[in-house]
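> Curious how this folds, go ahead:
(chains A and B)
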Amino acid sequence: MKRALPRHFSATLLQSQRKLLPFSPHNNGGLLQKLPKICPIPSFTSNPRRVFTNSLPPPEWIEPFNDVSDLLSSPGNLNPSPWVSQILNLLDGSMDMEANLDSFCQKFLIKLSPNFVSFVLRINDLRKKPDVAFRFFAWASKQKKYAHRLETYVSLIDCLSLSSDLDRVRLVFNDLRQKGFLMTVSGANSLIKSFGGLGMVEELLWVWRRMKENEKGIEIPPHAYGLVIGGLCKEGKCMEGYTVLESMIKKGCKPNVAIYTALIDSYAKHSSMNEAINLFERMKNKGLEPDQVTYGVIVSGLCKSGRLDEAMEYFEFCRGNGIAVNAMFYSNLIDGLGKAGRVDEAEEFFEEMVEKGCTRDSYCYNALIDALAKCGKIDEALAVFKRMEDEGCDQTVYTYTIIISGLFREHRNEEAIKLWDIMIDKGITPTAASFRALSIGLCLSGKVSRACRILDDLAPMGVIPETAFEDMINALCKAGRIKEACKLADGIVDRGREIPGRIRTLLINALRKSGNADLAMKLMHSKIGIGYNRMGSIKKRVKFRVLVES
DNA sequence: CTAGGGTTAG
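Next up is the predicted model:
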């Protein structure tokens, strides 16, 4: 019987000591307990001769299988090395698990190779204990000169995914991603299975892309196709998604309604409405029945591309053919009609939906309020806003944003500001877009500093509109109020901040357009708003005001 | 439980 004997023993031990063999983890009573006495654990020294004479040989990496010759003589019938069961016994999840592993390895002068670690992680007993697996993985990486390989990561992720330990999977995956391993087919297949099962699309797509860079022939389980296609569709990569659809069909994997719907929606959202309809027809030709959601994305896409009459045809088709229409259908139609200036029809749908037994949600109210506000019917918009409250539908930050913009458009500034305050009082968290509506309105009504003060109040609420100054300066420039725009830019300088290049460009263009080409040139070639000294601390900066005051 | 769909403005 073959023994899992570290090679260096035969090379370095005295003949007499070797006679004490057989030696194995199963029989460790004889020689090994004496070893420390014969050769004490060496202290490190820079003198190679000392190492040679006084120390034990370096620990040997052990592999999960005894010998390569096993593999040659009886492939498929490999016996794991006895070390495997020894290590497995130590993986008990106890407090001193790591310490026990350390002393065991020290005692037997072994180190566990990445292959070994990976093999152990694949053993069923351990796969049921993700905590222990994770600790073992972390412990292994602390061995001297040890480096995890792709396979160890893959095995651990497989183990963690079985118990849906999402946080740890992410942690381990982030680590893996930084390593830059070359992806293997087996690694990719395992990872895709893990991520597919957990619905981790980003991670799955990463593996898939990594794989495409190298080889082909990767086995994607059917569910993972859906995740990959869905992930690509969400990123707006419908063409790539379509390619995956074709490859899944080629592999004999049948796409379902959900996969087609995701693709149709993605095409519809990226101004390829005709492609979306083509795919919709192809899906029907294959015998798949589009459902509520499929029709929903078709109607929504048609509405967004202004093809309202077609949208209404599909809508009527649904109603006549037992496909339930929901509030989403209505909100899309109301929004589309409103944006096309067909407000009366939008109102009809709004009234009709409740009669047909469909409850209005905030999207429906918001769409109609927006339609009314945009065509100057701000009072009617306010009436619907009030109705929304009366009818028990919660107003959202979108509702307020629409109303605030509408009020400013009609120069009803005080009412707009009042609504902002009501929104805050109601505990509705503002968004960057809602602040944009407010700040632009304030700037154009000459209340730039008030906008800045409100902006300062947002930070403690965790709302940081990144383009706030840019939006405000842009609004002022567009209104031809360059002096005020410059003053606002100086406000940023006063706060000790650098003026972003985008804002400089904005002001340069505004100056050019307003016939101040010379000032535009001056700004372009100056360091107005910029200025750090060599140590990176703030230098006195030139203010924008000098441009318009000179 | 059951892969897929939603709003502000530019």
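> Against which helices or strands is the helix or strand harbouring A:N274 packed?
Taking DSSP states H and E as the definition, A:N274 sits inside helix A:273-285. Contact here means 3 or more CB pairs under 8 Å, 6 or more residues apart in numbering; DSSP states H and E; on that basis helix A:273-285 packs against helix A:257-269, helix A:292-304. Yep, even glycine has a C-beta here, placed from its N, CA and C like the rest.
> Check the gap between the residue of the stretch 51-200 of chain A found nearest DNA strand B and A:S164 for me.
Nearest to DNA strand B in the stretch 51-200 of chain A, going by CB to the nearest atom of the strand, is A:G199, at a distance of 7.4 Å. A:G199 sits 10 Å away from A:S164 when distances are taken as CB to CB, to the nearest Å.
> and these two? which has more neighbours close in?
A:G199 (15 against 12; other CB atoms under 10 Å).
> Would you map the helices across the stretch 451-550 of chain A?
A:468-478, A:482-494, A:501-513, A:517-524, A:545-549 (DSSP state H, counting those that start in this stretch).
> between the third one and helix A:468-478, how many degrees?
So the one you mean is helix A:501-513. Per axes from the mean of the first three to the mean of the last three CA atoms, to 10 degrees, the angle that helix A:501-513 makes with helix A:468-478 is 0 degrees.
> got the contact list for the residue of the stretch 51-200 of chain A closest to DNA strand B?
A:L227 (CB atoms under 8 Å, 6 or more residues apart in numbering).
> returning to what we had before: in the helix holding A:N274, which residues are buried?
Of all the residues in helix A:273-285, those buried under the rule 16 or more other CB atoms under 10 Å are A:273, A:275-277, A:279-280, A:283.
> Export those to CSV and append columns for pLDDT and distance to DNA strand B.
Shown next, in CSV, are these (pLDDT from 0 to 100; distance: CB to the nearest atom of the strand, whole Å):
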residue, pLDDT, distance to DNA strand B
A:M273, 95, 15
A:E275, 95, 16
A:A276, 96, 12
A:I277, 96, 15
A:L279, 96, 12
A:F280, 97, 10
A:M283, 96, 9
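> could those be laid out in a markdown table, adding distance to A:I508?
Formatted as a markdown table, these follow (distance: CB to CB, whole Å):
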| residue | distance to A:I508 |
| --- | --- |
| A:M273 | 38 |
| A:E275 | 40 |
| A:A276 | 41 |
| A:I277 | 44 |
| A:L279 | 45 |
| A:F280 | 47 |
| A:M283 | 51 |
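> Close to DNA strand B: what parts of the stretch 151-300 of chain A are there?
Neighbours of DNA strand B within the stretch 151-300 of chain A, by CB under 7 Å from any atom of the strand: A:222-223, A:226-227, A:230, A:234, A:256-258, A:261-262, A:265, A:269, A:290-294, A:296-297, A:300.
> And the buried ones among these, selectable in PyMOL?
Here is the PyMOL selection string for the buried members of these, based on 16+ other CB under 10 Å:
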select buried, chain A and resi 226+227+230+234+261+262+265+269+290+293+294+296+297+300
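> nearest residue to the residue of the stretch 151-300 of chain A found nearest DNA strand B other than its sequence neighbours?
In the stretch 151-300 of chain A, no residue comes nearer to DNA strand B than A:G296, which is 2.6 Å away by CB to the nearest atom of the strand. Closest residue to A:G296 apart from its sequence neighbours, by CB to CB, 6 or more residues apart in numbering: A:M328 at 5.6 Å.
> where are the low-confidence patches of chain A?
A:1-55, A:67-77, A:216-217, A:531-541, A:550 (pLDDT under 70).
> Where do the domain boundaries of it fall?
Here the domain assignment for chain A is A:1-69+A:77-181, A:467-550, based on automatic domain parsing.
> Adding distance to A:T401, write those out as TSV.
What follows is the domains of chain A, written out as TSV (distance: least, CB to CB, whole Å):
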stretch	distance to A:T401
domain A:1-69+A:77-181	34
domain A:467-550	13
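> Figure out which of those domains is closest to A:P430.
domain A:467-550 (11.4 Å; CB to CB).
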